[in-house]
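S.K.: Based on what follows, work out the 3D shape:
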Amino acid sequence: MKRGSTTEMGNKKIDTLIGKESSVTGTLESIGTIRVDGRFEGDIITKSDLVVGESGQVHGKVKARNVTVAGLIKGDLEVSGKLELVPTAVVEGEARMSLLVVEEGAVFQGNCQQTPKDQKNQGKTLRIDTPKIPAPSGGEKEK
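M.R.: Next up, the predicted model:
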């Protein structure tokens with residue numbers, strides 16, 4: 001596990017990284033983003049995001065803001081924001097999230113429950129505006 005330094009992944013800052021060749025057992029609590037490329041057994045709790053890479057395996061409970069899965073998660077997930085399963089993902093267990101994205105090829109076995117976001121944020125993620133109808137051009141006279 002890498003501590004004390006940060007790694008950039010795309011536009012996300014990774015605060016804790018469990019490397020491909022690492023195996024960790026226990027409880028991991030953080031306020032920053034966590035990436036698992038190795039094996040983790042236990043609970044992961046973060047106020048930020050969790051990324052499980054293609055080689056990553058998580059066996060246990062997960063609580064995070066957003067979770068992106070490319071590897072394996074066996075256990076319960078509580079996600080306050082978006083749970084995203086990319087084509088290589090396998091998730092087995094119970095999941096609660098505000099938004100679920102399952103790409104073609106991903107495997108989800110278990111139950112999921114969608115929870116509403118806070119009222120102040122409701123509707124911002126999937127906003128659909130009604131198209132404006134143009135005013136009639138001067139072809140008709142009003143009566």
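
S.K.: Look up how far V58 lies from the residue positioned nearest the centre of the chain.
M.R.: The centroid of the chain falls nearest to V67 when counting by C-alpha atoms, centre = their mean (2.4 Å). Going from V67 to V58 by C-beta to C-beta, to the nearest Å gives 10 Å. For the C-beta atoms, the positions are set from N, CA and C on the backbone; glycine is no exception.

S.K.: Please enumerate the shared neighbours of these two.
M.R.: V52, I73 (C-beta atoms under 8 Å, 6 or more residues apart in numbering).

S.K.: so how far is the one helix or strand the residue nearest to the centre of the chain maps to off the chain centroid?
M.R.: Using DSSP states H and E, V67 sits within strand 66-69. Distance of strand 66-69 from the chain centroid (C-alpha atoms, centre = their mean, to the nearest Å) equals 3 Å.

S.K.: Go ahead and name everything in contact with stretch 78-86.
M.R.: Stretch 78-86 has contacts (C-beta under 8 Å, 6+ apart) with 61-70, 77, 91, 95-103, 106-108, 117, 125.

S.K.: Report the mean confidence score over that stretch.
M.R.: The average pLDDT within stretch 78-86 is 96.
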